[in-house]
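Q: what follows is a predicted structure for the sequence shown.
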Amino acid sequence: MENSKIALKEIISEEVSSIDKIKCSKCGGSGNFKTPENSRKTCLVCFGRGYIDI
């Protein structure tokens with residue numbers, strides 16, 4: 001049972017380390033967000049890409 005848990009942790013850690021982009025938390029991945037004046041502004045957290053590099 002312990003060996004299967006260790007193997008599962010190794011698989012999960014390999015998958016997580018292969019992901020090098022995280023969706024931007026401010027714009028939700030769109031790269032821009034709507035302002036109250038019904039216009040769109042470029043997200044300054046991800047600079048319009050929609051994701052943040054790790």
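A: Yep, that arrived.

Q: next secondary structure after the one helix or strand in the chain whose mean pLDDT sits lowest?
A: Sorting the helices and strands of the chain by mean pLDDT, DSSP states H and E puts helix 2-18 at the bottom, at a mean of 49. Note on helix 2-18: by DSSP states H and E, the next helix or strand toward the C-terminus is strand 21-23.

Q: what's the first helix or strand after that following strand?
A: By DSSP H and E, the next helix or strand past strand 21-23 is strand 32-34.

Q: in its sheet, what does that following strand sit against?
A: strand 40-42 (antiparallel) (DSSP bridges).

Q: which strands or helices does whatever helix or strand comes next after the strand it pairs with pack on?
A: Scanning forward in sequence from strand 40-42, with DSSP H and E defining helices and strands, the next element found is strand 51-53. Strand 51-53 sits against strand 21-23, with contacts defined as 3 or more Cβ pairs under 8 Å, 6 or more residues apart in numbering; DSSP states H and E. Bear in mind the C-beta positions are built from the backbone N, C-alpha and C, glycine included.

Q: could you count how many residues lie near Ser30?
A: 15 (other Cβ atoms under 10 Å).

Q: tell me which residues of stretch 22-30 come out buried.
A: 24, 27 (16 or more other Cβ atoms under 10 Å).

Q: which residues sit against it?
A: When contacts are defined by Cβ atoms under 8 Å, 6 or more residues apart in numbering, stretch 22-30 is touched by residues 31, 33, 43, 45-46, 49-52, 54.

Q: farthest pair in the residues you listed?
A: Spanning the widest gap among these are Phe33 and Ile54, at 22.3 Å by Cβ to Cβ.

Q: ok, back up a step: so which of the contacts of stretch 22-30 wins on neighbours?
A: Neighbour max across the contacts of stretch 22-30 (other Cβ under 10 Å) = Cys46, 22 neighbours.

Q: how near is the closest residue in space to Lys34 that isn't next to it in sequence to Cys24?
A: Once flanking residues are discounted, Lys34 sits nearest to Arg40: 6.0 Å by Cβ to Cβ, 6 or more residues apart in numbering. Arg40 sits 15 Å away from Cys24, going by Cβ to Cβ, to the nearest Å.
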